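[1] what shape does this take:
(one chain, ligands or ions: 1)
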Amino acid sequence: MPGRIQNKAALITGAGSGIGLESALLFAQEGADVLLVDINLAAAEKALALIQQRYPNVKSAAIKADVGKEADIKAAVDKAVELFGRLDIMFNNAGIMHPEDDNALNTEERIWDLTMQINVKGVWWGCKYAILAMRKNPEDPARGLHTGGSIINTASFVALMGAATPQLAYTASKGAVLAMTRELAMVHAREGIRINSICPGPLKTPLLMDFLDTQEKRDRRLVHLPMGRFGEAVEVAKGALFLASDDSSYMTGTDFKVDGGLTSCYVTPL
Ligand code: NAD
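    Purely as a prediction, here's the structure:
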């Protein structure tokens, strides 16, 4: 049985850990060629070894790139096209949540700028070079109507709701991802390029768990989660797979929430 993204070519940033790692595994399982991109090459190569062992029939590779650098993103997209001959799926997923990010009074400008550089400019550049590559995708009638491509940008639930445990730069950066994604989706809709955001809830990945390093900090959040637990990276990867595949062919410009109900919640169940 063919996979849900059989023969498509995908690039995933932040593929060495968390959502990116689980997405790389899932995309390969569903038949896509995958380029794993991460600033941490060792982590990306570890993920690559898993893919090559489990899914030897798909093409896969790993490269080092810092999404906060335009030249790195351009090189990564060029590499995907060189390896796979096209780019169908771009998952702009890499992001940071800096431990010194705080409220309006305490956040230093350098933390703000670093966060914006990676979380906002990184997504902008990822979209820019993906769009340029997708426009050149060779025609392939076997792929059906939706030949342009699918771009997925990782935002966050914090783009949709405020937290009294502030990380101001991070929150602002994810709000920017949502707004930018909507506008890009409109600009490129007639080219068959779909661009959606995915909004994960709080997850059990290093990004959040390194920060919530005491039970007290975790409990401060857990009480607000309707399902009473943090999410798993693979649960978000499954949402990304849906947005990447033609199953979501009539979706563009959306804020796709995979948040365990958090953003719909006033009072949590007992
Ligand atoms: P993670 O820390 O497990 O993985 C992030 C990966 O991105 C790492 O492998 C890291 O090396 C890589 N990375 C960091 N900076 C990079 C850069 N400049 N260039 C290239 N790669 C870089 O994190 P995760 O939880 O999987 O987060 C992935 C995305 O999901 C991020 O955008 C994050 O903001 C978002 N998100 C996470 C949560 C959560 O609770 N974990 C919630 C909402 C949104």
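[2] give me the neighbour count for the closest residue to Lys46 other than its chain neighbours.
    Computed as CB to CB, 6 or more residues apart in numbering, the closest residue to Lys46 that is not its neighbour in sequence is Gly16, at 7.1 Å. Yep, even glycine has a C-beta here, placed from its N, CA and C like the rest. Neighbour count of Gly16, defined by other CB atoms under 10 Å: 25.
[3] what parts of the stretch 151-270 of the chain come near the ligand?
    Applying CB under 6 Å from any ligand atom, we find that the stretch 151-270 of the chain lies next to the ligand at Thr154, Ser156, Pro200, Pro202, Leu203, Thr205, Pro206, Leu207, Leu208, Ala233.
[4] PyMOL command for the buried members of those?
    The buried residues among those can be selected in PyMOL (16 or more other CB atoms under 10 Å) with this line:
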select buried, resi 154+156+200+202+203+205+207+208+233
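[5] any idea which of the residues of the stretch 151-270 of the chain next to the ligand is closest to Gln29?
    Checking those against Gln29 by CB to CB gives Ala233 as the nearest, at 14.7 Å.
[6] report pLDDT for that closest one.
    We have a pLDDT of 98 for Ala233.
[7] over to Leu145?
    We have a pLDDT of 46 for Leu145.
[8] ok, now Lys257?
    Model confidence at Lys257, given as pLDDT, is 98.
[9] verify the stated contact: Gly149 with Ile89.
    Yes. Gly149 lies in contact with Ile89 (CB atoms under 8 Å); the separation is 6.7 Å.
[10] what is in contact with the two at once?
    Counting by CB atoms under 8 Å, 6 or more residues apart in numbering, Gly149 and Ile89 have no contacts in common.
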